[in-house]
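A.B. asks: Sequence first, predicted model second:
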Amino acid sequence: MPRNSKKPKVEIFRFVPPAPAAAERPREYVESQVHVPASPVKKGSASAAPDLSVVQDDEADWGLGDIFEAVGDIQPGDDDLPDLLSDDENDSGEEDADADQAGKKPYEFIKALERRTDNTGTVPVPDRYKAWLRMVREWRHVRLLKRMGRGHDPSGVAGTSPGELAVLCPACPYPDINLPGDYDQLPAGDQWKYTLFLGMDANFRLRRVKVSSEERDPGLNKGYAYIVDEGPFKEYLSTYNTQIEDDKSDCRNHDAIKSASIRGGKGQAASGMGTVQCARHDMKRPLGNGDLQKGERYVNMDYFFLSTLLFKIPRSVAISYDIACQWSKNLEERCELYPPNAVSSNADLELRFFVPKFHLPAHIVDCQLGYSLNYLPRVGRTDGEAPERAWSLFNGLAYSTREMGPGSRRDTLDDNFGDHNWVKITRMASSFKEKATDAVAARRTLTDAFLAFSKAIPLDIVGRWTGEVQAWEREPTLKTSPFRQEGDGKSEAEVRRELAEEDKKALEKGEDIHLHNVSPAQLIGKGIEIEDQQRRLGADKNSLGPHSTELQKARILERENSLKRKIESWIQIQHVYIPALALLRKREEEEGTGSEATPVPEIDLLLPSAAMPRVDIPSQFRGLEFRYRKAQGFSTLRDLRSQLLLKSHMLHSKKTHVLGVRQATRSSALIQNLERRIASTAEKYRYVHSCLTVLSPKANADWCQELRPLKPEDIKVLTLDQDGGEGHKALTWIWKLRGTVMMKDDPEVQAALRVEWCKTRARAHRWQEECLLLAEEMRRVKAFFRWEISTWEARVKDVATRFERPVLEGTPLAITDMVRRSKEAFDLGRVAYAARTGDMWSRMLNEVSSAWKGLEGVLVGETGFVEDSRL
């Protein structure tokens, strides 16, 4: 849609002030008084028992006021509503074999109550299951309103703002709550500590089938907590769903991008749930969650992202997302199409994008350099994987929520998200102490390692590298990245892409007509893939021992059957292109040397390198396999070097840290397993080299200069770990290929050393940043607790003035006196509860202050980041 389009925009991301209170009536007056803030989540509360949050009767039409008829009168300020979900409360004093059912599934709980009512079966017990579910759901909502102070606000439920009922992460930055008033005026070198770190992801287990409807099962939390309000969200989707297209990936073919079109389907009201949450403390953000209708589409994830940005954000936001390399490209353009939002209307907002550390290796090299939380500055040791950790906890709710009505499901998930956040807060005293202790030790170790490494390099080279990496940190670009490693040959994926491009050009020119829809290049590439699968299957099959389980044997057999079907299909296509191979196989079968009864891992695919001595293979196929084999040789050597480096690290770790027979035995077992992998990789390289020798037998061929025969003495770790005198240590040829040489008088070696030096420096700086971030977060936690204390103290003082109820002229004295006494009773409850909650936050403040005493000063340490002292 053009930027200057006059089409009216749907007002979705605009803050809507609370609606004015409705006309006062006696019943509404009572309802407004009972929503007093409750104590935070405790053990035994509804939030602490996720298994008990289930669907209520979606056929009923009810409102908030019905709770009084369900649970009776609730005195303001009291916490006397029975804790129906407690799993450890049994004050009846009776011995009951079924009492332990309380705290389990709701149906089991009700059955336990029925047996407590009559355990003889002679007295009919009314079925209260549906009523109890409804009552628990309403009670849970009332307590949520009570805990978050809605009972201390005259506007009551109607005045609740979006996201107001969410339990906030105290360590995240919130302007006007726990940030300095002039934080945005501080020097640029200090402002990075006030960055908000967000993590984005989707979960396709938390889906919902098409049952019930919004009319039959409305939600109570209408965007008040973590899940967005369904009404504005659906309105937004109806407007922009067709306008926003998901970009085609120029990185890997990620599942998140593929899922935009393949997930979801018949019978699914929601294919999953998307989230935008705190990335450093694993806590859910207000308005950061919502349903996905069909896959992880940008239009959905944009809405959750922009919705959570409505809630008190600083000037700098860092976002980690497993497809950030694609999602971030046109984000600003998409935000211009949407209604006014934090991105399009805030020119000062700084957004930075990252890919979580675990997901990053699956991306192409450019993404690994441009979106790395290891290399880019001002992120500490953030890993970006917080959403994955949270999903692992909430996946247990998938089975109980997927058949709920829409409102019940949202309320249930909101309740569990709140409990998750509260548990995180209660553990902050110990968790931050552990993090700080580990960070200080790692900072010392990594900075010492960097300084020792840097001093071993000539000063002029270190000075040049320092300037280059500092310039890149100020303006990160892919072309100038000092972390880019010079390659040592094309990868198999790169060769495959080149061949596909060549096929495309040939088809466009009409120069090549394939005999099958699988091209020759695809045929050879797939054959080499199958060959690797045979090798892995053979290794796994040989690892089966006499004590292997039936399940392990069944899985191997299933893999064999699947691979055999692939091989048979591949051979059929191979025969179309090279009919001579069909005759060869037929002759071998008649002679009894064919592959009919050959184990699947040993079936000969008769690739050109294997068939050439027996059959004349067209040069086209020989050339294709040669290109693939050459790339395979380089990639296999890369794997071998990586395994040798890992072995070097494990040997160092064993010498330094392993004490005692038990640890030494376990460490030796790990090293032996790695040595078996090294031997397997070396054998694979020798096989690839033999294929290259058949395909290109000339001794002076170019590939022979780099891909040499691999001897046992060539498979050595770095010189640091080699035995013998220092003067006799030397690197073997596998470490001297382009991009891996480590001799300082060679330009290519300097490039490899530069990358290693930059990585060592980055490790030291990230740990220094982590210490500074932890110190700032600990300060913010205490500031947040003080803000909560002052908020509840202010509510105590405001009770007398904020709830004045005018009495109409002519009102009978008895009614006037009743209203006065009712107000006094409610006011006493409000004051008592606010005082109790303020005291709770005071105790939590004292707890963290005591646990962190002296840590903040140690974390801050030196103000500057470590560099070579010779500069």
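C.D. replies: Cool, the structure landed.
A.B. asks: Now Ala202. Nearest residue, chain neighbours left out?
C.D. replies: Glu296 (4.2 Å; Cβ to Cβ, 6 or more residues apart in numbering). Where C-beta positions appear, they are placed from N, C-alpha and C, glycine not excepted.
A.B. asks: same check, this time on Gly418
C.D. replies: With Cβ to Cβ, 6+ apart, the residue lying closest to Gly418 is Val167, at 5.0 Å.
A.B. asks: pLDDT score assigned to that neighbour?
C.D. replies: pLDDT, Val167: 96.
A.B. asks: right, and it touches Val423 too?
C.D. replies: No: under the criterion of Cβ atoms under 8 Å, Val167 makes no contact with Val423, lying 9.7 Å away.
A.B. asks: These two: which has the busier surroundings?
C.D. replies: Between Val167 and Val423, counted using other Cβ atoms under 10 Å, Val167 has the larger neighbour count: 25 against 16.
A.B. asks: Secondary structure class of that one, three-state.
C.D. replies: Following DSSP: H, G, I helix; E, B strand; the rest coil, Val167 is assigned to coil.
A.B. asks: Backbone dihedrals for it, please?
C.D. replies: phi -80, psi 110 (degrees, to the nearest 10).
A.B. asks: Surely Ile319 is in a helix?
C.D. replies: No: per three-state DSSP, Ile319 lies outside any helix segment and is strand.
A.B. asks: which residues touch it?
C.D. replies: Going by Cβ atoms under 8 Å, 6 or more residues apart in numbering, Ile319 touches 198-200, 305, 328, 351-354.
A.B. asks: so of those residues, which ones are in helices?
C.D. replies: Residues of these located in helices (DSSP state H): Phe305.
A.B. asks: Tell me which of the contacts of Ile319 has the lowest pLDDT.
C.D. replies: Ser328 (93).
A.B. asks: List the residues that contact that residue.
C.D. replies: 319, 321, 351, 353.
A.B. asks: burial measure for Arg147, as a count.
C.D. replies: When neighbours are counted by other Cβ under 10 Å, Arg147 registers 23.
A.B. asks: Check Pro361 too.
C.D. replies: Close neighbours of Pro361, defined as other Cβ under 10 Å, add up to 9.
A.B. asks: now Arg484
C.D. replies: Neighbours of Arg484 using other Cβ under 10 Å come to 17.
A.B. asks: element containing it?
C.D. replies: Secondary structure assignment for Arg484, by DSSP states H and E: no helix or strand.
A.B. asks: Mind pulling up the pLDDT for the residue nearest to it when sequence neighbours are not counted?
C.D. replies: Counting by Cβ to Cβ, 6+ apart, Leu369 is the residue found nearest to Arg484 once chain neighbours are left out, at 6.1 Å. For Leu369, the pLDDT comes out at 89.
A.B. asks: can you give me the helices in the stretch 351-500 of the chain?
C.D. replies: Taking DSSP state H, counting those that start in this stretch, the helices of the stretch 351-500 of the chain run over residues 365-370, 386-394, 398-401, 406-426, 428-455, 459-474, 492-509.
A.B. asks: With distance to Gly231 as extra columns, can I get those in CSV?
C.D. replies: Formatted as CSV, the helices of the stretch 351-500 of the chain follow (distance: least, Cβ to Cβ, whole Å):
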stretch, distance to Gly231
helix 365-370, 37
helix 386-394, 24
helix 398-401, 20
helix 406-426, 11
helix 428-455, 35
helix 459-474, 45
helix 492-509, 46
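A.B. asks: Would you point to the one among the ones you listed that's packed deepest?
C.D. replies: Most buried of those by mean neighbour count (mean count of other Cβ atoms under 10 Å) is helix 406-426; its value is a mean of 23.
A.B. asks: how far off helix 386-394 does that one point, in degrees?
C.D. replies: Comparing the axes of helix 406-426 and helix 386-394 via axes from the mean of the first three to the mean of the last three Cα atoms, to 10 degrees yields an angle of 110 degrees.
A.B. asks: before we move on, back to that, which of the contacts of Ser328 tops the neighbour count?
C.D. replies: Greatest neighbour count in the contacts of Ser328, by other Cβ under 10 Å, goes to Tyr321: 28 neighbours.
A.B. asks: That one touches Asp201, doesn't it?
C.D. replies: Yes: using Cβ under 8 Å, Tyr321 is in contact with Asp201, at 7.2 Å.
A.B. asks: The residue nearest to Asp118 when sequence neighbours are not counted: what's it in contact with?
C.D. replies: Excluding the flanking residues, the one nearest Asp118 by Cβ to Cβ, 6+ apart is Val125, at 5.7 Å. By Cβ under 8 Å, 6+ apart, the contact set of Val125 is 114, 117-118.
A.B. asks: what about burial for those residues, which qualify?
C.D. replies: Among these, those classed as buried by 16 or more other Cβ atoms under 10 Å are Glu114.
A.B. asks: now the one helix or strand Ala554 maps to: how far from the chain's centre is it?
C.D. replies: Here Ala554, judged by DSSP H and E, is contained in helix 550-577. Relative to its chain's centre, helix 550-577 lies at 35 Å (Cα atoms, centre = their mean, to the nearest Å).
A.B. asks: tell me the pLDDT at the residue nearest to Ala202?
C.D. replies: 87.
A.B. asks: what about it, is that helix, strand or coil?
C.D. replies: Glu296 ends up coil, using three-state DSSP.
A.B. asks: circling back to that earlier point, wait, which of the contacts of Val125 is closest to Lys698?
C.D. replies: Glu114 (87.6 Å; Cβ to Cβ).
A.B. asks: Now the closest one. Its backbone dihedrals?
C.D. replies: Main-chain torsions, Glu114, degrees, to the nearest 10: phi -60, psi -40.
A.B. asks: so how far is Lys248 from the nearest residue to it once chain neighbours are set aside?
C.D. replies: Distances taken as Cβ to Cβ, 6+ apart put Val125 closest to Glu114, at 4.7 Å, once the chain neighbours are dropped. Relative to Lys248, Val125 is positioned 62 Å away (Cβ to Cβ, to the nearest Å).
A.B. asks: And for Ala279?
C.D. replies: Ala279 is 27 Å from Lys248, by Cβ to Cβ.
A.B. asks: Perfect, I'm done here.
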